[in-house]
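1. Show me how the following folds:
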Amino acid sequence: MSADVAGRLAALAEPNRFRIVELLRSGPRSVGGIVTALGLAQPQVSRHLRILGEADLVEAHRQAQQRIYRLRAQSFQELDAWFDTFSRIWEERIDRLDELLREPDDER
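-> As a prediction, the model looks like this:
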């Protein structure tokens, strides 16, 4: 597992950071919008957003006096590719199990 994937998974393991990512799935939001939607304190949200940013899961841009956060699609595509390696392993194992179950009893 690469350090990037490990860092991203560690960042997502914290429930409030996961909730922020879930919220950002519907589109970009300001810090204040995240605070309101999740009922967390602003310093707490800012700290979680900093950690998510360090893990390269979110990015921010300035809009007037606000910072607007959004998900970084590329980072989630990389996580998806990593998870996909596990699905291929399980598909191969299930296919082998299916073959064994289809063999007549006398061939086992």
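
2. how about the helices of the chain, start to end?
-> In the chain, helices defined by DSSP state H lie at 3-13, 15-24, 31-38, 42-54, 73-102, listed in chain order.

3. Look up how far Val58 lies from Thr85.
-> Look at Thr85 and Val58: by C-beta to C-beta, to the nearest Å, they are 24 Å apart. Where C-beta positions appear, they are placed from N, C-alpha and C, glycine not excepted.

4. which one of these two has more residues nearby?
-> For Thr85 and Val58, the more surrounded residue by other C-beta atoms under 10 Å is Val58, and the numbers stand at 23 against 9.

5. Help me confirm that that one comes into contact with Arg72.
-> Yes. Between Val58 and Arg72 there is a contact under C-beta atoms under 8 Å: 6.3 Å.

6. want to throw the helices of the chain into TSV with distance to Ala64?
-> TSV is the format used below for the helices of the chain (distance: least, C-beta to C-beta, whole Å):
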stretch	distance to Ala64
helix 3-13	28
helix 15-24	20
helix 31-38	12
helix 42-54	17
helix 73-102	25
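
7. could you redo these as JSON lines and give each row distance to Gln66 and mean pLDDT?
-> Written out in JSON lines, the entries for the helices of the chain read as follows (distance: least, C-beta to C-beta, whole Å; pLDDT from 0 to 100):
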{"stretch": "helix 3-13", "distance to Gln66": "23", "mean pLDDT": "92"}
{"stretch": "helix 15-24", "distance to Gln66": "15", "mean pLDDT": "97"}
{"stretch": "helix 31-38", "distance to Gln66": "7", "mean pLDDT": "96"}
{"stretch": "helix 42-54", "distance to Gln66": "12", "mean pLDDT": "97"}
{"stretch": "helix 73-102", "distance to Gln66": "22", "mean pLDDT": "83"}
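
8. Which of those sits closest to Arg67?
-> Between Arg67 and these, the tightest spacing by C-beta to C-beta is seen for helix 31-38, at 5.9 Å.

9. what's next to that closest one, contact-wise?
-> Surrounding helix 31-38, the residues in contact under the criterion C-beta atoms under 8 Å, 6 or more residues apart in numbering are 16, 19-20, 23-24, 29, 40-42, 45-46, 49, 66-67, 69.

10. And the residues you listed, which of them are buried?
-> Among those, those classed as buried by 16 or more other C-beta atoms under 10 Å are 19-20, 23-24, 29, 40, 45, 49, 69.
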